[in-house]
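> Predicted model and sequence below, questions to follow.
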Amino acid sequence: MRILMTGASGFLGTRLAARLTASGHDVTRLKRGAGGWNPARGELDPAAVAGADIVINLAGAGIGDKRWNPAYKDLLRSSRLDTTGTIARTIAGLPESDRPRALLQASAVGWYGDTGDHEVTEASPAGSTFLADLCRDWEAAAGGAGTRVVLLRTGLPLSRTGGLLQRLVLLFKLGGGARLGNGRQWMPWIALADWLRAVEFLIERDDLSGPVNLVAPHPVTNTVFTRSLARAVHRPALLAVPGFALDLVLGEFGGEARRSQRVLPAVLEEAGFRWEFPEVDAALRAALD
């Protein structure tokens, strides 16, 4: 298939582009300036999209890359909404025969807000946090594309080469591993290998659309995750980072880091997807191998 991808230079995009290319797909990375691509101005040459079978949009500033302040929160929104809206409008403006078969649109489990111990699936409503509001607007921006839209509500991908785990591994190896706050909050994780396989699965399944939780079937609490990672690196993890310290270092994002999200992948399970790493211990061992 001919696949057009934005955000292909990011942590997930780089690995997905390589995976799809290895699977025999023709992947074109859409870069700013190419194909008239200027999301801040809402510009994209329709010809750049018309030749694609699938469009994958992963673009957006990193949620945890910087301390949140009003300017960075504005960037988190604009980097997502401008990009998604421009792509969706461009696809919708094409003749139906020229439109891509599907738009796979990045989103996040932040949609659900803080769910406590309550299990949530794709049918559950949005929360009321900043990230939940952002995800709701982000997904809505993709809704008018006029083609099959799959919303990739991604959890925490586990890889030592990027994302949260990359930041934690060195800290844990130095003996600084610690749970966050009381540790009772649920973490919706997924092995990177399974995330990549799930995206390929969704590309092929023309019968699937709407939100899809890209998480493992067995979420764990932060305490369980902390102990599992400590075992994987053969180091103790006896510390706890109090909430006020997280807030001091991370600002508003510290509160988001302590939110509990017991998210289940109901759509993938019903569709017959099989995880290579359904349990966190095996997923962490594989990620660190």
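Done, it's in. Quick caveat, the model's predicted, so the values are computed rather than measured.

> Just the CA coordinates for stretch 161-170, please, in PDB.
Taking C-alpha atoms only, stretch 161-170 is exported to PDB below (Å, rounded to 0.1, in the frame of the first residue of the first chain):
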ATOM      1  CA  THR A 161      14.800   3.700  23.100                       C
ATOM      2  CA  GLY A 162      12.100   6.300  23.700                       C
ATOM      3  CA  GLY A 163       9.100   7.400  25.700                       C
ATOM      4  CA  LEU A 164       8.600   7.000  29.400                       C
ATOM      5  CA  LEU A 165      10.600   3.800  29.800                       C
ATOM      6  CA  GLN A 166      13.700   5.300  28.300                       C
ATOM      7  CA  ARG A 167      13.700   8.000  31.000                       C
ATOM      8  CA  LEU A 168      13.000   5.600  33.800                       C
ATOM      9  CA  VAL A 169      15.600   2.900  33.000                       C
ATOM     10  CA  LEU A 170      18.700   4.900  33.900                       C
END
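
> Now it: average pLDDT?
For stretch 161-170, the mean pLDDT works out to 79.

> So what touches that stretch?
For stretch 161-170, contacts defined as CB atoms under 8 Å, 6 or more residues apart in numbering pick out 11-12, 15, 64, 156-160, 177, 192, 229, 233, 284, 287-288. Where you see a C-beta, it was placed from the backbone N, CA and C, and this is true even at glycine.

> Got a PyMOL select line for the buried ones in the residues you listed?
Only the buried entries of the contacts of stretch 161-170 go into this PyMOL selection, using 16 or more other CB atoms under 10 Å:
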select buried, resi 11+12+15+156+157+158+159+160+177+192+229+233+284+287
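
> in stretch 259-269, what counts as buried?
Buried residues in stretch 259-269 (16+ other CB under 10 Å): 259-268.

> about what we covered before: inside helices: which ones of the contacts of stretch 161-170?
Cross-referencing the contacts of stretch 161-170 against helices under DSSP state H gives 11-12, 15, 192, 229, 233, 284, 287-288.

> related to what we said a few turns ago, inside strands: which ones of the buried residues of stretch 259-269?
The strands, defined by DSSP state E, take in 262-263 from the buried residues of stretch 259-269.

> tell me which of the buried residues of stretch 259-269 is nearest to residue 90?
When the buried residues of stretch 259-269 are compared for distance to residue 90 (CB to CB), residue 267 wins out at 26.7 Å.

> How about the contacts made by the closest one?
Here residue 267 is in contact with 121-122, 208, 210-213 (criterion: CB under 8 Å, 6+ apart).

> circling back to that earlier point, closest one of the contacts of stretch 161-170 to residue 145?
Nearest to residue 145 among these: residue 12, at 20.6 Å, using CB to CB.

> Determine how far stretch 41-53 lies from the middle of the whole chain.
23 Å (CA atoms, centre = their mean, to the nearest Å).

> And stretch 226-235, by the same measure?
24 Å.

> Among the contacts of stretch 161-170, pick out the one closest to residue 92, please.
Distances from residue 92 to the contacts of stretch 161-170, taken by CB to CB, are shortest for residue 12, at 25.4 Å.

> Name the nearest residue to the closest one, ignoring sequence neighbours.
Distances taken as CB to CB, 6 or more residues apart in numbering place residue 58 nearest to residue 12, at 5.9 Å, with adjacent residues excluded.

> Settle this for me: residue 87 is touching residue 106, isn't it.
No. Using CB atoms under 8 Å, residue 87 is not in contact with residue 106; the gap is 11.0 Å.

> Thanks a lot, see you next time.
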